[in-house]
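Participant: Return a 3D structure for these sequence lines:
(chains A and B)
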Amino acid sequence: MSSMDRSPALFFSIALAATVLIAGCDMTRTLDPDERDHDPKLVLQERFQPGQPWEVTVSRSVGAFEPGRVTEEQFDVTDATVEVFRGDTKLGTLSRDSLNRYSTTAFTPSPGVAYTVRASAPEMETVEATDQIPPLPPARLSAENTDSTQRTLELTIDDPRAADNYYEIVLEERVDRDSLGPIRDRISFETQSQAILNEMGESLEIGEENTYRGSEAVFTDGLFDGQSYTINLRVHNRGSRFHDAVEGVTFILQLRTLSEDTYQYLSTRRLAQRTGDNPFASPVDVEGNVEGGYGLVGARNVDTLRYRVSGGDQ
Amino acid sequence: MGIRLRTRALGLFLLLSLFGAVGASAQPDSTRHTLSGFVTDAESGETLVGANLYVPSLQHGTTTNAHGFYSLSLPSDSVRLVVSFLGYERRVIPLALTSDRRLDVELAPTTVQAGSLEVSAERTPLQQTTRTSTVEITAARAKQTPTLLGETDVLKTLQLMPGVQSGNEGTSGLYVRGGTPDQNLVMLDGAPLYNVSHLFGFLSVFNPDIVQNVRLTKGGFPARYGGHLSSIVEVNVEDGNQQQYQVEGSLGMLSSRLTLQGPIVDDKTSFLLSGRRTYADLLLQTFANDLGAGYYFYDVNAKLNHRFSSTDRMFWSLYTGDDRFHSLGEIDDELSFDFGWGNVTSTLRWNHVYGSDLFGSVALRFSRYRFDINAESDGGDDETYRLRYRSGIRDFELESSFDYTLNERHDLRAGANVTYHRFRPGATEYNTSEANLDTTISPSEQVRALNAAVYAEDKIEWSDQLSTNVGLRATSFVVDGTSYWSVQPRVSARYLLPHDWALKGSYSLMRQPIHLLSNSTIGLPTDLWVASTREVPPGRSHQVTLGISRSFLNREYEVRLEGYGKLMDNLIEYKQGATYTLTATTDWESRVETGQGWSYGAEVLLRRTRGRTSGWIGYTLSWSRRQFDALNDGEPFPFRYDRRHDFSATVSHQLTDVTSVTGTWVYGTGDAVTAPSARYRGRKVEGRRYSPFLRPAPTQDYTERNGFRMPAYHRLDLGLRFKWGDRRGFHALKTGVYNAYNRKNPYFFQTSRADDGGLDAQAVTLFPILPYVNYQFKF
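Facilitator: Now for the predicted structure:
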């Protein structure tokens, strides 16, 4: 071993070993279920659209492993200051209403304008989010293939060219009855639209890979950018379940165009909810647009399309 | 494009350099002669792979190749040739070379008492070889290591080496220098295996009774290797005893093994037949008959070899193994469910000695891996359904290689292989009487690919101090009209420092044209092999290594210190939330993201290879990270097995001629996991009737992918072995404990909703202290 003692390589080895040992002492966070050192952040939730009042929900985050059920009071933030800006111009400050929202009707959003919502609260970092209402494309709703059990609604969208567009549809039905008044509720539809399947089709069961069923759907214009695109929505005729004479049924379809931030939030949140119980799926981070905090102040535009079927056609 | 051009230019340069060097040195030399032949076991006639031949006066030597052949260019002079191999008596052979000569050398096994230690060592002096990042173990050493339930597993013994990390506890997966298990090319007698796991990853498919040795190459890859990014694992199996019949076996808590081997025609033809099976299903039937479920695995190895002449030899080998799980549902008696997976690989090889300086080998190979699920429900005439799922990969391969000793300074090796792959990503058939439906739902068209490679490498002795191995590997992968070409330079060098220290460095570029889609980290059979496509190109890695090594006291001790850096790109990961489903394996490209990774670190190995007390200490300090544009906001994040410190120590001590004790202690930084750091209130769903009792569930925020660490892993295993008899026949009783101090190591991490409504994080422990006993015999 004496030869080793004289070796220049020995000094090299010792120096290298010392270097790597020192370098190896970096900091890592060891997972501790009792870890409760989370610093609360402000959470903003708002979907603003043209002509509608500002209604911002403000809450705070809690540590992931905070023991016990977190009460609404722990989430609530009652002393926030919420301001709305158009560019650098402050439009006003929102006040807290009876539903614990920060709201105003003094000014309302307009399409094509970028709005910034800034919120602050004691002992928490100020947060802000900016978004802009997208334009609405021309769209039509019609129906065909009427029979006694189901009918097919046809939604046609003339998608604007040269822009990534994000859509959301929500279908409702209003049944007008002669004696008890109208009933309005969401209804499910089935569709084989590839645009919708691409976005919503993850949780399909064997044998149903090519059909989506739900009362709402999000999709993009990736398959029909700049073109006219028709989506068939198959709905079941529910009018006959009412014993009262039905004067007519109106299908109400909300076509929403979403900002990119809103789309990303909805997509990732849906994915998170869908895979939350799947131990094989990698965790999903919900993508909000609130800098310094959580949530979404997202813009959208809404077109309400109706198709009425008279009572005799039920 | 620029990178590709530069790569090709570099390749061309190296090729020209290679052949330039060869040409410059290829002058006829009438004063030199070539000595060649095979080195075999004197008792069994088996060829010895990696035996060392060395001429001390010339400081020149070589090792036998994968077929036991060697070739040495020596001066026309009287020399002493020293032939040695681990576990065998060293022979010193005086030679007076006056012409080229064939010399087959038989080595006699060391005459030691049964139970004495047999520890692996580098079979060439550590200072001599240019190979870096290579470790070897023998099956004998693996059998001494205390193991889970007493089941010897050569891959788990490899996990104790620096630079190699285990994945989940108890599993056989190898994570080599920041790579994943699919980045390891695992070969059984040269045949690739796609899933090397039995028992859901807890046991590898290699039967230790027939394994001769295992060699792991982590970096500095010679040009003969390719197709995977991180490592090459070569498992060599015995050929079959040519002198006498032998029976060897073991009875364990989980499975039993039996091996028969012997001559068919003395000194000409021999056979080996070995089988292993678990009896978990039989135990379950006996003790838990109402469970309605069962599991078994088996594997069979067969080998025939025939010597036509002193220059021609032919081998046929077969491996087949299956795992099968079945369940008869207790809730619904009509529902039955089973799934299984398995490999088959068969090789026909012909070796030919063309002359004293040229050895050739040609092999034809078939390999198949498949996974299937069957579910059937018989509800009577009204409703029956049957679901079948199939996936797999099938290869045909033709391979040839040549070893040529050009002169005393150049040992050339060249070869080519072409592999025809057929991937079947998944096909689901569904049959139901109710809807009169009988269809293949996800037909998943078979994907056919052609993978071809040619290579050449030259081991050059520039001087007594400097030697290099320079090589090039050119590959082509053609799939669905898309071609991927690559030229992969490989260089390794050794320079002898003062005091017999060897300084070694290497660079290698590797490409991997097939990917593994995996939801888990334990090698489940649902993992799916897929070919690169136009959207997902082959993976690529650049690796450099630099280290020093030396052996001391007549190779009794050895020290290795090595640093490495590795860049990888075109790695794949599932998209956020994406998961493997049986119905959607055809559009897998849309479910993955491609990105890059890098790892670097330093490894230390201190090993004592002989004596009553032997063993080694291994330590690895490493960093490994990944970066995907679409994951973690595009920011780099730790690899799941980014293990800052990984330490292992294993020691064996011979107490008496019969009794030996062994112990192993391992320590590793906790695995990186993704965990929520905060939760916040979502927005109530619009259009729904609002109730204060139906608030939406809080949203969880994951600050950083793999941003948390599980607690550190450490474990002590102890073993005690009694062995009676001699080398030709013995009985051995092995007992011990796994996880001797009952450390509750985390197997995986999960979050769940606690009774009080909060969120609980739980590290689930799988293996407490587990005793084992195992009986082995040989006669």
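Participant: My read is that residue B:49 contacts residue B:69, right?
Facilitator: No: applying C-beta atoms under 8 Å as the test, residue B:49 and residue B:69 come out as separate, 9.7 Å apart. Glycine gets a C-beta too; all of them are placed from N, C-alpha and C.
Participant: Skipping adjacent residues, who's closest to residue B:539 in space?
Facilitator: Nearest residue to residue B:539 in three dimensions, chain neighbours excluded: residue B:512, at 4.1 Å (C-beta to C-beta, 6 or more residues apart in numbering or on different chains).
Participant: can I assume that neighbour is in contact with residue B:183?
Facilitator: Yes: under the criterion of C-beta under 8 Å, residue B:512 makes contact with residue B:183 at 6.5 Å.
Participant: can you list residues touching both of those two?
Facilitator: By C-beta atoms under 8 Å, 6 or more residues apart in numbering or on different chains, residue B:512 and residue B:183 have these common neighbours: B:228-229, B:539, B:541.
Participant: before we move on, the earlier item: I'd like to know how far the residue nearest to residue B:539 sits from chain A.
Facilitator: 22 Å (C-beta to the nearest C-beta, to the nearest Å).
Participant: now the helices: where do they sit in the stretch 151-300 of chain A?
Facilitator: Secondary structure of the stretch 151-300 of chain A (DSSP state H, counting those that start in this stretch): helices located at A:194-200, A:260-275.
Participant: does residue B:550 count as helix, strand or coil?
Facilitator: What DSSP: H, G, I helix; E, B strand; the rest coil gives for residue B:550 is strand.
Participant: Could you count how many residues lie near it?
Facilitator: Using other C-beta atoms under 10 Å in any protein chain shown, the number of residues around residue B:550 comes to 24.
Participant: what residue ranges in chain A score low on pLDDT?
Facilitator: Chain A contains residues with pLDDT under 70 at A:1-36, A:145-148, A:202-209, A:237-246, A:277-280, A:311-314.
Participant: ok and the residue in it nearest chain B?
Facilitator: Closest residue of chain A to chain B, C-beta to the nearest C-beta: residue A:69 (2.7 Å).
Participant: In the stretch 151-300 of chain B, where is pLDDT below threshold?
Facilitator: Residues of the stretch 151-300 of chain B meeting the criterion pLDDT under 70: B:284-292.
Participant: Kindly report the same for the stretch 601-750 of chain B.
Facilitator: Along the stretch 601-750 of chain B, segments meeting pLDDT under 70 span B:684-696.
Participant: Repeat the analysis, applying 50 as the threshold.
Facilitator: For the stretch 601-750 of chain B, applying pLDDT under 50 flags the ranges B:687-693.
Participant: which bits of it sit near chain A?
Facilitator: B:601-602, B:604, B:621, B:632, B:644-645, B:669-670, B:673-683, B:686-688, B:692, B:695, B:697-702, B:705, B:707-712, B:749-750 (C-beta under 8 Å from any C-beta of the partner chain).
Participant: again, 6 Å this time
Facilitator: Proximity of the stretch 601-750 of chain B to chain A, by C-beta under 6 Å from any C-beta of the partner chain, involves residues B:602, B:621, B:644-645, B:674-681, B:683, B:687, B:699, B:702, B:708-710.
Participant: got the contact list for residue A:265?
Facilitator: For residue A:265, the contacting residues are A:287-288, A:296, by C-beta atoms under 6 Å, 6 or more residues apart in numbering or on different chains.
Participant: rerun that using 8 Å as the cut-off
Facilitator: A:286-289, A:296, A:298.
Participant: Correct me if wrong: residue B:205 contacts residue B:299.
Facilitator: Yes: between residue B:205 and residue B:299 there is a contact under C-beta under 8 Å: 5.7 Å.
Participant: what's the overlap in contacts for the two?
Facilitator: B:198, B:319, B:321.
Participant: Pull the most distant pair out of the contacts of residue A:265.
Facilitator: The most widely separated members of the contacts of residue A:265, counting by C-beta to C-beta, are A:286 and A:298 (12.3 Å).
Participant: Now do residue A:225: how many residues are near it, please.
Facilitator: 15.
Participant: so who does it touch?
Facilitator: With C-beta under 8 Å, 6+ apart, residue A:225 has these contacts: A:159, A:161, A:164-165.
Participant: If we use 7 Å, what do you get?
Facilitator: A:159, A:161 (C-beta atoms under 7 Å, 6 or more residues apart in numbering or on different chains).
Participant: Spit out the contact partners of residue B:511.
Facilitator: Per C-beta under 7 Å, 6+ apart, neighbours of residue B:511: B:475, B:486, B:488, B:538-540.
Participant: Please repeat the previous calculation with a cut-off of 6 Å.
Facilitator: Residues B:486, B:538, B:540 are the ones in contact with residue B:511 under the rule C-beta under 6 Å, 6+ apart.
Participant: what's around whichever residue of the stretch 351-500 of chain B sits closest to chain A, how many residues?
Facilitator: Nearest to chain A in the stretch 351-500 of chain B, going by C-beta to the nearest C-beta, is residue B:499, at a distance of 4.2 Å. For residue B:499, the neighbour count with other C-beta under 10 Å is 15.
Participant: same deal with residue B:480?
Facilitator: Neighbours of residue B:480 (other C-beta under 10 Å): 12.
Participant: and it, backbone torsions?
Facilitator: phi 50, psi 50 (degrees, to the nearest 10).
Participant: ditto for the one 4 residues further on
Facilitator: Residue B:484 adopts backbone torsions of phi -120, psi 120, taken as degrees, to the nearest 10.
Participant: show me the contacts for it.
Facilitator: Residue B:484 neighbours (C-beta under 6 Å, 6+ apart): B:477, B:538.
Participant: ok, it to residue B:297 distance?
Facilitator: Look at residue B:484 and residue B:297: by C-beta to C-beta, to the nearest Å, they are 36 Å apart.
Participant: what does residue B:473 give?
Facilitator: 36 Å.
Participant: if you skip the residues just before and after it, what's nearest to residue B:143?
Facilitator: Leaving aside its sequence neighbours, residue B:143 sits nearest to residue B:152 (C-beta to C-beta, 6+ apart; 4.9 Å).
Participant: part of a strand, is the one you found?
Facilitator: No: counting by three-state DSSP, one finds residue B:152 to be coil, located in no strand.
Participant: okay, now it: neighbour count?
Facilitator: 26.
Participant: cool, residue B:475 as well?
Facilitator: 21.
Participant: mind listing what it touches?
Facilitator: The contact partners of residue B:475, taken as C-beta under 6 Å, 6+ apart, are B:453, B:486.
Participant: hey, what's it bridged with?
Facilitator: residue B:453, residue B:486 (DSSP bridges).
Participant: Between residue B:205 and residue B:299, tell me which one has more neighbours.
Facilitator: residue B:205 (24 against 21).
Participant: residue boundaries of the strands in the stretch 451-600 of chain B?
Facilitator: Taking DSSP state E, counting those that start in this stretch as the criterion, the stretch 451-600 of chain B contains strands spanning B:466-479, B:482-496, B:502-512, B:514-517, B:528-531, B:539-552, B:557-574, B:592-608.
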